[in-house]
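J.: Quick check, what structure comes out for this input:
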Amino acid sequence: MPYYAGLRRETPETRQRIAEGLTRLRKAIVDQKVPRRTVSGDVLIASWNIREFGGRKFGARLADAYYYIAEVLSHFDLVAVQEVREDLSALDRVQDLLGSWWRYIVTDVTEGKSGNGERMAFLYDSRKVTFGGLAGEIVLPKAKVDTDILQFARTPFVCGFRSGWAKIDLCTVHIYYGEGKPLDPRRLEEIGNLSKFLAKRAKDAAQPAPNAPAPKTPEPDTLIMLGDFNIFDPGDQTLKEITDAGFKIPKALTDRTGSNMGRDKFYDQIAIWRGRRFDETDRGGVFDFYDAVFRTQDEALYAPLIQPTKSGSKPKYKEWKSYQMSDHLVLWAAFKVDFAEDYLAELAKPEA
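T.: As a prediction, the model looks like this:
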């Protein structure tokens, strides 16, 4: 649970507005069946593109947004965050609200027009998840990419974590969007190249070491690709590039609504290459915070707080609130990482 004490420093009007919003948000989390976190149970992994997190296109984010974002994040153990800006003050403020046991790891800013000045980040609760030491940006071998163009619009970021009995490597992405076509050639190529590259690494990790004196079956880390793939529809070739490479979409996420504000686009995805001591569960989905905060019926409440743009005009409420929270919803899934009973049962067998 985030720290709410700072609300006492807000004006009575702001304090009441945020407190009422947090109450609705906490209820929505229960109603939308996001499970309660536990110290040793399933690990809850999420992906969230937080629109221009650290940017100021329509002025600074309100205090409301920081409390609501922190509240949402606090219900997951490990979150891949896309669209973090060069200015990390927004991420720092949310981390302060979450508590000192929360940590984050970020990339440098991706330069260039298509990089859009963005970072990738992982935010995690260190009481449940620990950083495993692996951190790096993906660079494809020269033979796998056209050297006349950029490899990726925004370089994918891989980090290794441990939770329970599982070692998990996560690769977070924000794939090229382009002209808004479902099958943009560059987007398709980025997804295909990355999926095949990571699949090969996963296969290689599962092979016994050459010339090992007593080769045994390796225990490769679980590999997860997650983030904003800009996939329009689950039937598109863009998603097929991921599954054809050998990754699997968790069953809990195969029958869901979209993760954009309109709930009709499937931009965000979580795909797994399962190692040992890691299982998917039947829990996962899209969390829609707009059911509780920055609702349509709240427009009159926020209208006086919407700042005009440089041209002097005020943005529409729907666009403005997407820069307060996001134009993406939260995609999440729960995974089993506690295998103590399975291990003990195995040891209890006479042949063990």
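
J.: Measure how far the lengthiest strand in the chain is from the centre of its chain, please.
T.: Determined from DSSP state E, the single longest strand within the chain is strand 43-53. Mean-position distance between strand 43-53 and its chain equals 3 Å (C-alpha atoms, centre = their mean, to the nearest Å).

J.: so the closest residue to residue 133 other than its chain neighbours, which of the three states?
T.: Of all residues not flanking residue 133 in the chain, residue 160 sits nearest, at 6.2 Å (C-beta to C-beta, 6 or more residues apart in numbering). For every residue, glycine as well, the C-beta is placed using N, CA and C. Here residue 160 takes the strand state, with states given by DSSP: H, G, I helix; E, B strand; the rest coil.

J.: Identify the residues contacting residue 160.
T.: If you count contacts by C-beta atoms under 8 Å, 6 or more residues apart in numbering, residue 160 has them with 131-135, 167-170, 221.

J.: What's the PyMOL line that selects buried ones from these?
T.: Those of the contacts of residue 160 that count as buried under 16 or more other C-beta atoms under 10 Å are selected in PyMOL with:
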select buried, resi 167+168+169+170+221
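
J.: Any chance of the contacts of residue 160 in JSON lines with secondary structure and distance to residue 26 as columns?
T.: JSON lines is the format used below for the contacts of residue 160 (DSSP: H, G, I helix; E, B strand; the rest coil; distance: C-beta to C-beta, whole Å):
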{"residue": "131", "secondary structure": "strand", "distance to residue 26": "29"}
{"residue": "132", "secondary structure": "strand", "distance to residue 26": "32"}
{"residue": "133", "secondary structure": "strand", "distance to residue 26": "35"}
{"residue": "134", "secondary structure": "strand", "distance to residue 26": "34"}
{"residue": "135", "secondary structure": "strand", "distance to residue 26": "33"}
{"residue": "167", "secondary structure": "strand", "distance to residue 26": "32"}
{"residue": "168", "secondary structure": "strand", "distance to residue 26": "28"}
{"residue": "169", "secondary structure": "strand", "distance to residue 26": "32"}
{"residue": "170", "secondary structure": "strand", "distance to residue 26": "27"}
{"residue": "221", "secondary structure": "coil", "distance to residue 26": "34"}
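
J.: how about the strands of this protein, start to end?
T.: 43-53, 78-85, 102-106, 118-125, 130-137, 157-163, 166-174, 222-228, 268-273, 279-287, 330-336.

J.: got the angle for the third one vs strand 78-85?
T.: Looking back up the chat, that one is strand 102-106. 50 degrees (axes from the mean of the first three to the mean of the last three C-alpha atoms, to 10 degrees).

J.: Could you list the residues in contact with strand 102-106?
T.: 84, 88, 91, 95, 119-126, 131, 135, 159.

J.: any idea how far residue 116 is from residue 265?
T.: 19 Å (C-beta to C-beta, to the nearest Å).

J.: Sorry, wrong one. I was asking about residue 196.
T.: 25 Å.

J.: With residue 193 instead?
T.: 20 Å.

J.: now swap in residue 129 and tell me
T.: 28 Å.

J.: Could you do residue 40 as well?
T.: Taken as C-beta to C-beta, the span from residue 40 to residue 116 is 39 Å.

J.: out of these two, which sits in the busier spot?
T.: Neighbours per residue, other C-beta atoms under 10 Å: of residue 40 and residue 116, the larger number sits with residue 116, 17 against 11.

J.: That one against residue 86, yeah?
T.: No - Residue 116 lies out of contact with residue 86 (C-beta atoms under 8 Å); the separation is 10.7 Å.

J.: Residue 247: what's it in contact with?
T.: So residue 247 contacts 195, 198-199, 225, 271-273 (C-beta under 8 Å, 6+ apart).

J.: now residue 19
T.: 4, 7 are the contacts of residue 19 under C-beta under 8 Å, 6+ apart.

J.: where does this structure dip in pLDDT?
T.: The model of the chain has pLDDT under 70 over residues 112-115, 142-150, 208-220, 352.

J.: what do you get if the cut-off is 80, keeping everything else the same?
T.: Within the chain, the set of residues satisfying pLDDT under 80 comprises 1, 110-116, 141-151, 205-220, 276, 310, 351-352.

J.: Helices of that one, start to end?
T.: 12-31, 63-73, 89-98, 185-205, 237-244, 299-302, 317-324, 340-347 (DSSP state H).

J.: Can I get these in CSV including distance to residue 47?
T.: Compiled in CSV, these are given as follows (distance: least, C-beta to C-beta, whole Å):
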stretch, distance to residue 47
helix 12-31, 17
helix 63-73, 12
helix 89-98, 16
helix 185-205, 15
helix 237-244, 14
helix 299-302, 27
helix 317-324, 17
helix 340-347, 28
